[in-house]
Every structure is written in structure tokens, then in C-alpha cells.
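Asks: Predicted model follows, preceded by the sequence.
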Amino acid sequence: MRPPNILVVLSDEHTAAAAGWAGHPQVRTPHLDHLAAQSVSFDRAYTNSPMCVPSRLSLMTGRYVHQIGAWDNGVIPDPTYRTWGHHLREAGYTSVLAGRTHFNGPDRLLGFDRRLTDDLDFWLDHSGRPPRRTADWQRPTNSHVTEHGPGDHVHTQHDVAATDAALEFLRDPGEQPFLLYVGYMHPHFPLVAPPEFRELYDAADVELPVVADEQHPVISLLRHGFRNDEPVTEEQLREATACYWALISHLDFQIGRLLAAVPDDTVVIYTSDHGEMAGHQGIWQKQCFYEPAVHIPLLLRHPALEPARADAHVSLVDLLPTLRNIAGLPPDPALPGQSLLDPHDRPVLSEYHAQGMLNGGFMLKSGPWKYCYYGKAHPPELFNLDEDPQELHDLSAETPLVQRLDAELRLLLDPDATDARAKADQAVRLSRG
């Protein structure tokens, strides 16, 4: 029996809560809402790293960041990585890329068969240099929040071109089953939104984000590094958020164009590499483990699955085992993930090893608990998301619970040894110039 065609759509920086089907009262996502009504929505889906390149390489290889050394945005993929393209070739699939992948280096395929459109070159690092992880590091500006408003932008042009190329491929995909990946820039900053989508929103409807009275020292340093501690006016906060919503709606429109071109028996997966803090806890971008940064949308439409809301904890490393399952391939015991066609609840892991944090950060989400470990030099953070969804009340003084969750984390990795490996690798890459 011929395996089904597969369309995977990956956005950049779409937090799980900012969508109609997720219950957001303002964000308009009619096409994704329609897809959600046909899909299993994984309501506890998480990224394995709140940063672009690490999360994407983890996604594509089905391996955790620490397993493949994908520590930061400067990493050039190792040629021995086996990605979706390598795996599904075993089942006779043609694998095709369009748009945003954020693969650094000269290899633009990483095991896929064809590329229709490429990344914007200014987002790619061809040097392999790591970020500077020192206490005095700062982003040049806080433009990720202050650069906003209606207008045309190269990100929008990129996304339209990716859709156009994907639609051209879908008109004549060939005889083999295909895996088509379409990657979008939106809603990644800068928050410059197409005017017709910006007009959908009134900045006065924006609810101002919540910031805790006291912040963990790691979070304070992170905010300083990314200039999120610099004053931003209420007007700027509202406009930036409205533009973020508008970029999501433009993304939704592009996805609607794709969905109109594929038959109902095509498997469709939609997710994002990570979220966007959008001012929560005084942070814009991601680079931390609060829900807006790590909680991501994940929809799976499959002819054999009834639409449902699934509450099992899942993460991006689960996509490759899922694709193998859909393609009729047996489970690969080397992969840490599980197939989303029959998931079971289990703790999920996210990690961060880049600028803004002096030491590696690690998150374990287990049941209602979120445990964040920042190394021996700092206390951890602990939240009960069932009782404290905005993560304002740190429970890390609950010693027995911290010990239990720390032990769960160490079943997946040794965080201190992993931090040392990351720093050693980054030092070697830095020494190469």
C-alpha cells in the first residue's frame, strides 16, 4: 500500500496560546482553526530548545540538543546528522524543502532531495562561531520590540515566495509519495506587519503583560543581555503585540493557501520552532523556559486519526518517529522520541546554551510541574502550572519536590556535564576564529 503524502509546516516564534483554536480572544487564525478542527491538537507540546537553530536541528534529527551538539545559533550541522530526508528515503519518499530552515553552512539540503526556495542569507551563520556568553554581553538594541508597525518587509516577501514555490510543486509532485516541508519566517521579529493584516487589530485591545515583582537572577541577567530591561512605553507594548498578532494572521493566510492545494488524505503537521515571550515577565523573544517561549502549537491531521485534544506531554523530537510511523517504517531505537500516532504522557526536556545565560539552562516539564535548573551556582525555579499558569510563584523552596524532579531530569541527561561539554565545544569553535 502506498504511504500517504505528508505536508509539514513550521513557523518561527509562534507561541501556543496565540491562536483562535487555542482560545485566544483576539488572534485571528481561521485557516489553522479549520485545520485544528480536523486534527489532533497536542495541547502540551514543547520545544526542545527556546532558540532557532538548536530547536530546528533537534526537530530535523529527532535527537536532543545535547545529543547532537546543537548548542547555539552558530552551529553548522555535522554531515553525519540523519534528518527526515535520510529516514524517509528508506520508504521511497521524495523529500522537498521550501523556505525557512535556518540550516547554517553550505549544505542546503541536509539529506532532503530538493530545495525550492532558500533561507534569507543574512539569517545564516557560515562561520560556525559561537555567541559570547559573558556577563557584559548585550544585544545592540531592543529593536525586537521597538521596531514595529505596518509595512512591507523581506520576511513577508520570503514567506509569500515559499508558499508560491510549494504550490508550484504541488501542481505536479511526481509519482513517488512526498514529504514537503514549508518553513515560514513569520511571526518572528521584526514586528513589521503587512498593512492589511495590521488593520485587523486594535492596539487598545491588547492586555498588558504580567511581570513578577522579583525575578530570578538568571532571568534578570537574560533581560539585561537582550536589553529587555530598557524602558518601553505602554503604547510601544500595545503596538508591538498587535503587530505580532498581525504576523500570525499573515502566516495563517499563507497556510490557508497550502491547505487549499492538498487533498484531505494528505497528512498535515503544523508546529513552530519555539514561542515568543511578547513582554511576559518583561521579556521579548524567547531564550528562557517560561510558557510563552517553550509551549508551542502542534497539530496533526491524519486520515486514520479522529480530531481530538490530546493532553500528553510531547516535544519536537517526537516528529521524526511520527514521520517514520506514517511512512510505514519500524521504530528507530536510537531516537528518544515517540510516535504521535499513539503517544503516552512522559516528561519533556528543553535546554538552552547560548547568549544571555552564563551557564546552561534545563527545563523538565512533568505533570503540572515545571522544573528549571541553572547549574550549581544558582537556585532552580519550580512552578505548578495548574495552579499558577503565569509562573509568578516560584516553589523551589519545596525541597523534596525539587529533589524528585531533579532526579527525573538526570534520568535524561547530566546537566552539569552537558553544560561543560557545551562550553568546551564553544571554546574550540571560538578559537578557530
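Replies: Noted; the coordinates are in hand. Residues are numbered from 1 along each chain as shown.
Asks: helices or strands up against whichever strand or helix holds residue 257?
Replies: Per DSSP states H and E, residue 257 falls inside helix 234-259. Using 3 or more Cβ pairs under 8 Å, 6 or more residues apart in numbering; DSSP states H and E, the elements in contact with helix 234-259 are strand 6-11, helix 30-37, helix 143-146, strand 148-150, helix 154-171, strand 191-193, helix 195-198. C-beta: built from backbone N, CA, C; applies to glycine.
Asks: of those, which approaches residue 335 most closely?
Replies: The closest of the helices and strands packed on helix 234-259 to residue 335 is strand 6-11. By Cβ to Cβ, the value is 16.7 Å.
Asks: Could you check how far residue 385 is from residue 267?
Replies: Between residue 385 and residue 267 the distance, using Cβ to Cβ, to the nearest Å, works out to 30 Å.
Asks: Looking at the two, which is more packed in?
Replies: For residue 385 versus residue 267, the count of surrounding residues by other Cβ atoms under 10 Å is larger for residue 267: 22 against 16.
Asks: which residues does that one contact?
Replies: 4, 5, 6, 7, 300, 301, 302, 303, 326 (Cβ atoms under 8 Å, 6 or more residues apart in numbering).
Asks: quick one on the thing from earlier: which of the helices and strands packed on helix 234-259 is buried the deepest?
Replies: Looking across the helices and strands packed on helix 234-259 with neighbours counted as mean count of other Cβ atoms under 10 Å, the highest average goes to strand 191-193: a mean of 26.
Asks: got the contact list for that strand?
Replies: By Cβ under 8 Å, 6+ apart, the residues outside strand 191-193 that reach it are 144-145, 147-153, 155-156, 240, 243-244, 246-247, 250.
Asks: 6 Å instead?
Replies: Outside of strand 191-193, the residues that reach it under the criterion Cβ atoms under 6 Å, 6 or more residues apart in numbering are 148, 150, 151, 153, 240, 243, 244, 246, 247.
Asks: and what of stretch 293-312?
Replies: Contacts made with stretch 293-312 from outside it, assessed by Cβ under 6 Å, 6+ apart, are listed as 16, 19, 35-36, 38-47, 50, 265, 267-272, 275, 277, 286, 340, 343, 345, 350.
Asks: Would you mind checking these for buried ones?
Replies: Those of the contacts of stretch 293-312 that meet the buried threshold are 16, 19, 35-36, 38-47, 50, 267-272, 275, 277, 286, 340, 343, 350, by 16 or more other Cβ atoms under 10 Å.
Asks: So which of the residues you listed belong to strands?
Replies: With strands defined by DSSP state E, the entries of the buried ones among the contacts of stretch 293-312 inside them are 40-46, 267-272, 350.
Asks: Output the below-cut-off pLDDT ranges for the stretch 201-350 of the chain.
Replies: Across the stretch 201-350 of the chain, not a single residue meets the criterion (pLDDT under 70).
Asks: And the pLDDT for residue 113?
Replies: Per-residue pLDDT puts residue 113 at 98.
Asks: Begin at 188 from now on, thanks
Replies: Sure thing, new numbering starts at 188, so read that last one as residue 300.
Asks: returning to that earlier point: okay, the contacts of residue 454 in a markdown table with distance to residue 210 next?
Replies: Supplementary listing: those in a markdown table, determined by distance: Cβ to Cβ, whole Å:
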| residue | distance to residue 210 |
| --- | --- |
| 191 | 30 |
| 192 | 31 |
| 193 | 28 |
| 194 | 25 |
| 487 | 19 |
| 488 | 20 |
| 489 | 23 |
| 490 | 27 |
| 513 | 28 |
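Asks: closest to residue 563 among those residues?
Replies: Ranking the contacts of residue 454 by separation from residue 563, with Cβ to Cβ as the measure, puts residue 487 on top at 39.4 Å.
Asks: Let me see the contact set for the residue nearest to the closest one when sequence neighbours are not counted.
Replies: The shortest distance from residue 487 to any residue other than its chain neighbours is 4.9 Å, reached at residue 227 (Cβ to Cβ, 6 or more residues apart in numbering). Remark: with contacts taken as Cβ under 6 Å, 6+ apart, residue 227 is in contact with 487, 492, 495, 497.
Asks: let's go with 10 Å and repeat that
Replies: The contact partners of residue 227, taken as Cβ atoms under 10 Å, 6 or more residues apart in numbering, are 485-489, 492-497, 527-528, 530.
Asks: Pop out the phi and psi values for the residue nearest to residue 245 when sequence neighbours are not counted.
Replies: The shortest distance from residue 245 to any non-neighbouring residue, by Cβ to Cβ, 6+ apart, is to residue 235 (4.3 Å). Phi and psi for residue 235, reported as degrees, to the nearest 10, are phi -90, psi 0.
Asks: So what's the residue count around residue 235?
Replies: For residue 235, the number of neighbouring residues by other Cβ under 10 Å comes to 29.
Asks: So it is in contact with residue 476, correct?
Replies: No: counting by Cβ atoms under 10 Å, no contact exists between residue 235 and residue 476, whose distance comes to 11.5 Å.
Asks: Return every residue with contacts to both of the two.
Replies: In the contact map built from Cβ under 10 Å, 6+ apart, the residues linked to both residue 235 and residue 476 are 537, 538, 550.
Asks: separation between the second one and residue 415?
Replies: As judged by Cβ to Cβ, residue 538 and residue 415 stand 21 Å apart.
Asks: Could you check which of those two is surrounded by more residues?
Replies: Neighbour totals were compared for residue 538 and residue 415, and residue 538 leads with 28 against 24 (other Cβ under 10 Å).
Asks: Quick check: bridge partners of that one?
Replies: In this structure, residue 538 has the following beta-bridge partners (DSSP bridges): residue 549.
Asks: which residues touch it?
Replies: Here residue 538 is in contact with 235-238, 241, 245, 251-253, 257-258, 476, 547-551, 560, 599-600, 602, 605-606, 609 (Cβ under 10 Å, 6+ apart).
Asks: hmm, try it at 7 Å
Replies: Residue 538 makes contact with 236, 252, 253, 547, 548, 549, according to Cβ atoms under 7 Å, 6 or more residues apart in numbering.
Asks: So which of those residues is the closest to residue 307?
Replies: Closest approach between the contacts of residue 538 and residue 307, by Cβ to Cβ: residue 236, at 21.2 Å.
Asks: Now residue 208: closest residue in space, sequence neighbours ignored.
Replies: Closest residue to residue 208 apart from its sequence neighbours, by Cβ to Cβ, 6+ apart: residue 223 at 3.7 Å.
Asks: rewinding a little: who wins for most neighbours among the contacts of residue 538?
Replies: Counting neighbours by other Cβ under 10 Å, residue 236 leads the contacts of residue 538 with 34 neighbours.
Asks: Next one: that one from residue 323, what distance?
Replies: With distances taken as Cβ to Cβ, residue 236 is found 24 Å from residue 323.
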